[in-house]
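Participant: After the sequence you'll find the predicted model.
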Amino acid sequence: MSEKLKETVTAVKGIGEETAGALTELNIYTVEDLLEHFPFRYEDYRLRDLSDVRHDERITVAGKIQSEPVLQYYGRKRSRLTVKLLISDRFLIQAVFFNQPYLKNKLQLNGVITVTGKWDQYRRTITVSESKVGEVERKKELEPVYHVRGTLTVKGLRRLIGLALKQFGGDIDETLPPALLSRYRLLSRREAFRAIHFPKNQEDIKQARRRLVYEEFLHFQLKMQGLRKFEREHSKGIAIKYDLQDLKRFIKNLPFSLTDAQKRVVNEILKDMKSPFRMNRLLQGDVGSGKTVVAAIALYAAVSAGFQGALMVPTEILAEQHAESIQKLFEPFAVNCELLTSSVKGKKRKELLEQLQKGDIQILIGTHALIQDEVNFHRLGLVITDEQHRFGVEQRRILREKGENPDVLFMTATPIPRTLAITVFGEMDVSVINEMPAGRKQIKTFWVKDEMLDRVLGFMEKELQKGRQAYVICPLIEESDKLDVQNAIDVHTALVTYFRDRYKIGLMHGRLPGEEKDAVMKAFSANELQVLVSTTVVEVGVNVPNATMMVIYDAERFGLAQLHQLRGRVGRGSEQSYCILLANPKTDVGRERMKIMTETNDGFLLSERDLELRGPGDFFGKKQSGVPEFKLGDPVHDFRILETARNDAAILIESPVFWNGEEYASLRGVLEQSGILKGGKLD
C-alpha cells in the first residue's frame, strides 16, 4: 500500500477535523482505513420482473395506482396504508405502507409510483420501505450499505469514500504478483476498490469481492504458514527414537484392535516424534473415537526411547479416569504411571515429586497441578493436553517448558469443522480420527415437545428400574427473569418430588466449589446417585458407562456442537443409550437444529452444520473464539477461496522465488509487518 494512503483522513479534501473525529468511532484513522471500510450489503434498485422474484426477497418495482388508498389507524400513532398497484400491465399487487399517513393525499389514481420493499409471494403484497411518487427509474441501481455510528450516515460515508477514491485512487498499489492475478483472472487492486464501492452491476461486486477476499485470506495464511515454518525449523526439537518392535508388542497387547483412522493418526504422530523438529499437532476425534488409546501409544513410544511423558486434563475426575485406564494398559510393560492432582498432598506428594525428578516416574497424568513450580521432570519428551481449549496459552506454555523442547500434542473431542481448523489452527498440523470403533451402539436421539415430559419421565423410570442411570441437563442454575427456561435447581426439586424415595437425585452446576463438584460426580460414577441434574459442566470428559439416558431441557438454547458433546456422556457402555431433547423452538434455526440432532451422530457433520447456522464466533464462544475477524472474507461461505489461499501460501513459503523475487516484495511485507520476518529472515 502506498505511503500516501497511510496519511490521516484529513488529507482527503472535504474531510475536516469534526468529520475525522466521527470516523474514529468506526476505527477509521487513515485514508487506507477509509478505503478498506467495505460495504456489508447492497441495496438493489433495479426494476424487477415479478415472475423472477422469490418469496421474502427485497425488490424494487414500478406500477400504476389502481385503487384509492385505504388508511387505518391502530395503537398510538400507528397506521397502515394500502393501495393496489398494476405492475408491467400484468401483475395486480397490494402495496402496504406502515406509519406514513401523509402519503394518502399523494397517491393519486392512475398515478405512477416506484416502491422498494419485501415481497410476499403468497399474499401478493409488498411491504414498502422506500417509495418515490412519479418516478419510474433511479439513477443508481446498486447502492452500497456500510456500518455507521454516531452522526455518520450511510449516504454521508458513501460520499467520503467517493472523495477518497477520486483523490487517492491512483495511489492504490498492486500487492499480488502477476502470476496469481493471471492464474485466477483477478481484478487489479485499484479496479477492485472502485468496483466494490461503486459497482455498475452484480458482476462488478462478485469480481471485486473475489479479488479482495483472496488477498485477505492469502495475507492471513502467509502469516500462519510462516509461523508454522518458523516453529518447525527454528525451535529445537528432540528426535524420539522409539523402539519399534517394543511399540508393536504394546499395540498388539491392547484389549481391542485399532480402527484404520487410529492407525493413520498414530503413524502421523510417530513420524513427528521421530523427526528432529518439535511436534506441534492437534488431534481431533469425536466423543468415543479412541483418542485416549492414541495418546497412550504416543506416551509409550516416548518411554521406550528413554523419555518421560505428561498428560494434562482440565478436571480432577477426568485425570483419575485417564490414569486408571492408561495404568491398566501399561501394567504388563512395567511402566510407572502416576496421577498428580491438588488432592495428592503431604508425604505422598513429596515422594511422587522426588521420583518424578529422578526419572523413576515415566508418565505423569494430572490437572493444572502439573504446571506448579515444584513439579520438575527428569527428561520430559512428550506433552499431551486434552481438551486443549480449556487451558490458557500461558498454562500450555509452562507445561511445555518443563522439558527441553518436548513434542506437543493437543487433543480435543470438540469436532472442529475443517473451515475453522484451517483458519484457527493454521500453524499446527491436524490429525483427525473420523471413524468410530466397531460394535459401538448408536445413541438414539428423539426430539419431543415440553408437554410430553410425563412420558419422558416414565421412560426414564423404566431405565432406572434396570439399574441404569440418567443425566438431566438444564441451561440455567437458578430462575431468571430474563429467560423463561428450565433451571437446574427447580428441575432437581421437581424430580426429587416425582421419584420420592425410589431413586437418589444429585445436583451439579458451575457455582459449586470444585471439591463439591468432584464429590457429586464421584457419587454418580459409583451409582450412589441414579439421576444427575446438571448444567453443562458435565460436558467434558465424564465417563459413566452405566448412564444410558440423557434428557436435555430447552435443547434449542444450545448449539449443535454443544448438544453433541453433551450427548456423548451416554452410550459409553454396552447397553443401548438414549438422548431426549425437550424443546419448543420458536425459530426455523431452532427447529432445524433439533431435526439435525435426531438424524446423525456424526460430530464432524454436526459441527459443519452448526457453523453454517451460528457463525464462527458463536461456535467457539466470543471471548475465546480464536477466530480472526476478516474485513470482507467469511471463512464459512468463502471456504473454497480460503483453501486455495492456504495451499498457495504453503507453496510460496517453501519457494526460493518467494523469498528473493521482486514481484513478491509486497507479500513479504505482510510477514515483516506481523513481526514474523525481520531483515528478510523468519524470526
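Facilitator: Now that the structure is in, tell me what you want to look at. Keep in mind the model is a prediction, meaning the values are calculated, not measured.
Participant: helix, strand or coil for residue 610?
Facilitator: helix (DSSP: H, G, I helix; E, B strand; the rest coil).
Participant: so what pLDDT did it get?
Facilitator: According to the prediction, residue 610 has pLDDT 74.
Participant: Quick check: it touching residue 559?
Facilitator: Yes. Using Cβ atoms under 8 Å, residue 610 is in contact with residue 559, at 5.3 Å. Heads up, the C-betas are built off the backbone N, CA and C, glycines and all.
Participant: Those two: which is more packed in?
Facilitator: residue 610 (24 against 18; other Cβ atoms under 10 Å).
Participant: Now the phi/psi pair for the spatially closest residue to the more buried one that is not a sequence neighbour, please.
Facilitator: Excluding its sequence neighbours, the residue lying closest to residue 610 (Cβ to Cβ, 6 or more residues apart in numbering) is residue 560, at 3.7 Å. Main-chain torsions, residue 560, degrees, to the nearest 10: phi -60, psi -40.
Participant: 736 is where my numbering starts, stick with that
Facilitator: Happy to do that; since the first residue is 736 now, the last one works out to residue 1295.
Participant: Quick check: residue 1295 touching residue 1331?
Facilitator: Yes. Here residue 1295 reaches residue 1331: they are 6.2 Å apart, a contact under Cβ under 8 Å.
Participant: between the two, which one's more packed in?
Facilitator: More crowded of residue 1295 and residue 1331, by other Cβ under 10 Å: residue 1295, with 25 against 19.
Participant: From residue 768, how far out is the more buried one?
Facilitator: Distance of residue 1295 to residue 768, given as Cβ to Cβ, to the nearest Å: 37 Å.
Participant: Over to residue 1328?
Facilitator: Residue 1328 is 38 Å from residue 768, by Cβ to Cβ.
Participant: residues bridging contact with residue 1295 and residue 1331, i.e. touching both?
Facilitator: 1341, 1344 (Cβ atoms under 8 Å, 6 or more residues apart in numbering).
Participant: Straight-line length of stretch 1311-1324, end to end?
Facilitator: Length of stretch 1311-1324, first residue to last, Cα to Cα, to the nearest Å: 29 Å.
Participant: still on that earlier bit, pick out whichever of residue 1328 and residue 768 has more residues nearby.
Facilitator: residue 1328 (26 against 18).
Participant: Disregarding residues adjacent in the polypeptide, which is nearest to that one?
Facilitator: Residue 1328 sits nearest to residue 1295 (Cβ to Cβ, 6+ apart), 5.6 Å away.
Participant: For the one you found, give me the pLDDT.
Facilitator: 82.
Participant: Quick one: list the elements packing against the one helix or strand residue 1003 maps to.
Facilitator: Under the criterion of DSSP states H and E, residue 1003 resides in helix 995-1009. Packing contacts for helix 995-1009, counted by 3 or more Cβ pairs under 8 Å, 6 or more residues apart in numbering; DSSP states H and E, involve strand 1015-1020, helix 1026-1039, strand 1142-1147, strand 1164-1168.
Participant: quick one: strands adjacent to the third one?
Facilitator: Its sheet considered, strand 1142-1147 pairs with strand 1015-1020 (parallel), strand 1115-1121 (parallel) by DSSP bridges.
Participant: In terms of mean pLDDT, which of those strands ranks lowest?
Facilitator: Taking the mean pLDDT of the strands paired with strand 1142-1147, strand 1015-1020 comes last: a mean of 86.
Participant: any idea how far that strand is from the chain center?
Facilitator: Offset of strand 1015-1020 from its chain centre (Cα atoms, centre = their mean, to the nearest Å): 16 Å.
Participant: Start and end of stretch 1097-1105, how far apart?
Facilitator: Where stretch 1097-1105 begins and where it ends lie 14 Å apart, using Cα to Cα.
Participant: what residues does that stretch touch?
Facilitator: So stretch 1097-1105 is contacted by 1034, 1038, 1043-1051, 1054, 1057-1058, 1061, 1065, 1070-1077, 1079, 1091, 1110, 1112, 1126, 1130, 1134, 1137 (Cβ under 8 Å, 6+ apart).
Participant: Which members of the residues you listed are positioned in strands?
Facilitator: Among the contacts of stretch 1097-1105, the ones falling in strands (DSSP state E) are 1043, 1044, 1045, 1046, 1047, 1072, 1073, 1074, 1075.
Participant: Dump these into a markdown table; add pLDDT and distance to residue 792 as well.
Facilitator: Converted to a markdown table, the ones in strands among the contacts of stretch 1097-1105 look like this (pLDDT from 0 to 100; distance: Cβ to Cβ, whole Å):
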| residue | pLDDT | distance to residue 792 |
| --- | --- | --- |
| 1043 | 94 | 63 |
| 1044 | 93 | 59 |
| 1045 | 92 | 57 |
| 1046 | 93 | 54 |
| 1047 | 88 | 52 |
| 1072 | 94 | 63 |
| 1073 | 93 | 65 |
| 1074 | 92 | 61 |
| 1075 | 91 | 61 |
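Participant: ok, and the most crowded of those?
Facilitator: Neighbour-wise, the ones in strands among the contacts of stretch 1097-1105 (other Cβ under 10 Å) top out at residue 1044, 30 neighbours.
Participant: Please tell me I have it right and it contacts residue 1031.
Facilitator: No. Using Cβ under 8 Å, residue 1044 makes no contact with residue 1031, being 9.5 Å away.
Participant: Run a quick neighbour tally on residue 1067.
Facilitator: 10.
Participant: meant to ask about residue 1245, not that
Facilitator: 11.
Participant: in what helix or strand does it lie?
Facilitator: Applying DSSP H and E, one finds residue 1245 in no helix or strand.
Participant: what's the distance between it and residue 1089?
Facilitator: Residue 1245 is 36 Å from residue 1089, by Cβ to Cβ.
Participant: Any idea how far apart the tips of stretch 1183-1194 sit?
Facilitator: 13 Å.
Participant: Is the residue nearest to residue 1068 when sequence neighbours are not counted in a helix, a strand, or coil?
Facilitator: Spatially, and ignoring its direct neighbours in sequence, residue 1068 is nearest to residue 985 (6.2 Å; Cβ to Cβ, 6+ apart). Secondary structure assignment for residue 985 (three-state DSSP): helix.
Participant: And for residue 985, the neighbour number?
Facilitator: Residues near residue 985, counting by other Cβ under 10 Å: 21.
Participant: what's the answer for residue 1057, then?
Facilitator: Around residue 1057 there are 24 residues (other Cβ under 10 Å).
Participant: if I read this right, it contacts residue 1027, doesn't it?
Facilitator: Yes. Applying Cβ under 8 Å, one finds residue 1057 in contact with residue 1027, separated by 6.4 Å.
Participant: If anything else comes up later, I'll come back, but that's it for now.
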